[in-house]
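A.B. asks: structure of the sequence below:
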Amino acid sequence: MAYAFAGELLPSSLPSAGTLRSGEPRLLHDEFIRELLESRAMRRLLRIGFLGAIDHVRRGSGRAPHRRRHSRHEHSVGVAELADMFSRRSPKERIDHKLLLAAALLHDVGHGPLSHTLEPVFESEFGINHHIATELMVRGEIRLGLEIAATLKKHTIDPNEVIALINGRHSGPMNFLFGGQINLDTLEGITRSRAFFKRTAPTRIHETVAKMAASGQLPTAELDEFWNTKHHVYHYFIHANDGLILDQLAQAYMRDNLAKFSADDFFRSERQLRARHPFLFTLFNVARDAPEKLKEYIPAAWLNVETAVKRRAFHIDCSVALDSVDAINSRYSQTKAQVRVSLGELIIKK
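C.D. replies: All right, here's what the predicted structure looks like:
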């Protein structure tokens, strides 16, 4: 499928990477990292929320992690920090430093506005999702990805290897860092999610990754703690009614206004989405501040449409020793169940 989006829709006044709150100075001053961060594709992520519609369960005032919304850009830099630490602590002959950093920084570059919230509709109606978009950008197959492709070429990094590592299909020893049940993406993402919902969050992921980097040293206690934390984040936050209501509101709005959307909208920022669809964000505000009035704002038909909701549970098999990276996927597992629920039922439960 061809996409008309060329990148001109991005505002030229996006903040530079130097304004980030997240990121170590040593990493952010690396020439390769800076070039990727200054690409228009990566700068767009400054305007893509990390949790999608769930970000709007609160107003997002303040600077503390639990009082503000986080962006996909911050998360990407956070994953790159973990990758950088792993690389620096590992035997050098085992690690391709720039390839690892490229995969870490670019793994979410293809996320669309409202992230996972609207992606199911974009995928079913237009055949686009963040995996496809990421590959298009990394390979430079759309204009928005040309700077990324040029930077990878300049530093002699094969974009296909970057994509393989991101997808957990790389043939090298670094594959478990993205393809394992516990990987750099989930370590950073779950910790960030918990920080959004709680005043305090586990802060030992850098220490955990440093231990993982040492050959034959997988920190069982720390990884068990993280896996339990992931269970709690999904059970108490991701699966909570408030977030599910916002997700379903957004999807119902998009399906009801499908003529006003196109595949190219997947490559816009959330600021641009808000400018084009202000009523959607009005609904978010009503759902958060006055949910009892929500029915006054939406068509009655929206209340009866059932949507598939995934429920996840996370398990630890304590009989499996972490004696190799292959054991990670045996000790840690998850089960998924799918239920169908309507927006009306969620509102009643709230």
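A.B. asks: buried sites along the helix ranked longest in the chain?
C.D. replies: Determined from DSSP state H, the single longest helix within the chain is helix 72-89. Neighbour-count burial for helix 72-89, counted by 16 or more other C-beta atoms under 10 Å, picks out 72-87. Using the backbone N, CA and C atoms, a C-beta is placed for each residue, glycine as well.
A.B. asks: how far does that helix sit from its chain's centre?
C.D. replies: Relative to the chain's own centre, helix 72-89 is displaced by 14 Å; criterion: C-alpha atoms, centre = their mean, to the nearest Å.
A.B. asks: which strands or helices does it pack on?
C.D. replies: Applying 3 or more C-beta pairs under 8 Å, 6 or more residues apart in numbering; DSSP states H and E, we find helix 72-89 packed against helix 25-28, helix 40-44, helix 97-106, helix 184-197, helix 205-213.
A.B. asks: looking at these, which is nearest to Thr282?
C.D. replies: Nearest to Thr282, of all these, is helix 184-197, at 22.5 Å by C-beta to C-beta.
A.B. asks: what angle do that closest one and helix 205-213 make?
C.D. replies: Angle, helix 184-197 to helix 205-213, by axes from the mean of the first three to the mean of the last three C-alpha atoms, to 10 degrees: 160 degrees.
A.B. asks: list the helices and strands helix 184-197 packs on?
C.D. replies: Contact here means 3+ C-beta pairs under 8 Å, 6+ apart; on that basis helix 184-197 packs against helix 72-89, helix 176-179, helix 205-213, helix 220-233.
A.B. asks: between those, which one is closest to Gly140.
C.D. replies: helix 72-89 (18.4 Å).
A.B. asks: quick one: mean pLDDT for the closest one?
C.D. replies: The average pLDDT within helix 72-89 is 93.
A.B. asks: thinking again about what came up before, and of the buried residues of helix 72-89, the nearest to Tyr253?
C.D. replies: Arg72 (21.2 Å).
A.B. asks: ok, that closest one to Asp256 distance?
C.D. replies: 26 Å (C-beta to C-beta, to the nearest Å).
A.B. asks: pull the helix or strand with minimum mean pLDDT from the chain.
C.D. replies: Lowest on mean pLDDT, DSSP states H and E among the helices and strands of the chain sits helix 25-28, with a mean of 67.
A.B. asks: so Val341, which of the three states?
C.D. replies: strand (DSSP: H, G, I helix; E, B strand; the rest coil).
A.B. asks: so what sits opposite it in the bridge?
C.D. replies: With DSSP bridges as the criterion, Val341 is bridged to Thr307.
A.B. asks: ranges for the strands of the stretch 201-350 of the chain?
C.D. replies: If DSSP state E, counting those that start in this stretch is used as the criterion, the strands of the stretch 201-350 of the chain fall at 306-316, 332-342.
A.B. asks: the stretch 1-150 of the chain too?
C.D. replies: Counting by DSSP E, counting those that start in this stretch, the stretch 1-150 of the chain has no strands to list.
A.B. asks: so where's the stretch 201-350 of the chain shaky on pLDDT?
C.D. replies: 201-203, 215-216, 350 (pLDDT under 70).
A.B. asks: now stretch 115-122: mean pLDDT?
C.D. replies: For stretch 115-122, mean pLDDT is 96.
A.B. asks: tell me which residues of it come out buried.
C.D. replies: For stretch 115-122, the neighbour count (16+ other C-beta under 10 Å) marks 115-119, 121-122 as buried.
A.B. asks: out of the residues you listed, flag the one nearest to Thr156.
C.D. replies: Ser115 (31.8 Å).
A.B. asks: can you report phi and psi for the closest one?
C.D. replies: Dihedral angles of Ser115 (phi, psi; degrees, to the nearest 10) stand at phi 50, psi -130.
A.B. asks: I'd say it and His70 touch.
C.D. replies: No: with contact defined as C-beta atoms under 8 Å, Ser115 does not count as touching His70 (10.9 Å).
A.B. asks: which neighbours do those two share?
C.D. replies: The contact sets of Ser115 and His70 overlap at 49-51 (C-beta atoms under 8 Å, 6 or more residues apart in numbering).
A.B. asks: now, which of those sits nearest Ser333?
C.D. replies: Closest to Ser333, out of all of those and judged by C-beta to C-beta, is Leu51, at 24.0 Å.
A.B. asks: re the thing from before, as CSV, the buried residues of stretch 115-122 with distance to Glu188 would be great.
C.D. replies: Below are the buried residues of stretch 115-122 laid out as CSV (distance: C-beta to C-beta, whole Å):
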residue, distance to Glu188
Ser115, 15
His116, 16
Thr117, 20
Leu118, 23
Glu119, 20
Val121, 27
Phe122, 24
